[in-house]
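> predicted model and sequence below, questions to follow.
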Amino acid sequence: MSGPSHSSRLVLVSHALCPYVQRAAIVLAEKGLPSERRDIDLANKPGWFLAISPLGNG
């Protein structure tokens, strides 16, 4: 999977079980706002994620 692209769509980067991003995704869907969710493996963070968050904690 490649990193986030620069577009008008909001990209939520999360772990599959994160309740905070689940809540944000629900609100965006209820508001009809386009978004994309990208779940990452917290034990093996992708390079593009570490490039935008060097400490790896978002």
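Nice, thanks for sending it over.

> CA only for contacts and neighbour counts going forward, please
Will do.

> wait, is residue 24 part of a helix?
Yes - under DSSP: H, G, I helix; E, B strand; the rest coil, residue 24 falls within a helix.

> list the contacts for it?
With contacts taken as CA atoms under 8 Å, 6 or more residues apart in numbering, residue 24 has no neighbouring residues.

> from the chain's centre, how far out does the helix or strand where residue 21 lies sit?
Using DSSP states H and E, residue 21 maps to helix 19-31. Here the centre of helix 19-31 is set off from its chain's centre by 12 Å, with CA atoms, centre = their mean, to the nearest Å.

> pull the CA atoms of that helix into PDB?
Output of helix 19-31 as PDB, limited to C-alpha atoms (Å, rounded to 0.1, in the frame of the first residue of the first chain):
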ATOM      1  CA  PRO A  19     -11.900   3.800  18.900                       C
ATOM      2  CA  TYR A  20     -11.000   7.400  18.300                       C
ATOM      3  CA  VAL A  21     -10.700   7.000  14.500                       C
ATOM      4  CA  GLN A  22     -13.800   4.800  14.500                       C
ATOM      5  CA  ARG A  23     -15.700   7.700  16.000                       C
ATOM      6  CA  ALA A  24     -14.200  10.200  13.600                       C
ATOM      7  CA  ALA A  25     -15.100   8.000  10.600                       C
ATOM      8  CA  ILE A  26     -18.700   7.700  11.800                       C
ATOM      9  CA  VAL A  27     -19.000  11.500  12.100                       C
ATOM     10  CA  LEU A  28     -17.500  12.000   8.600                       C
ATOM     11  CA  ALA A  29     -19.900   9.400   7.200                       C
ATOM     12  CA  GLU A  30     -22.900  11.000   8.900                       C
ATOM     13  CA  LYS A  31     -21.900  14.500   7.600                       C
END
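
> give me the next element, helix or strand, following it.
In N-to-C order, the element after helix 19-31 by DSSP H and E is strand 35-39.

> starting at the chain centroid, how far to that following strand?
5 Å.

> let me see the mean pLDDT of the helix holding residue 21.
Helix 19-31 carries an average pLDDT of 95.

> pLDDT below threshold where in the protein?
1-7, 58 (pLDDT under 70).

> 80 instead, please
Along the chain, segments meeting pLDDT under 80 span 1-9, 56-58.
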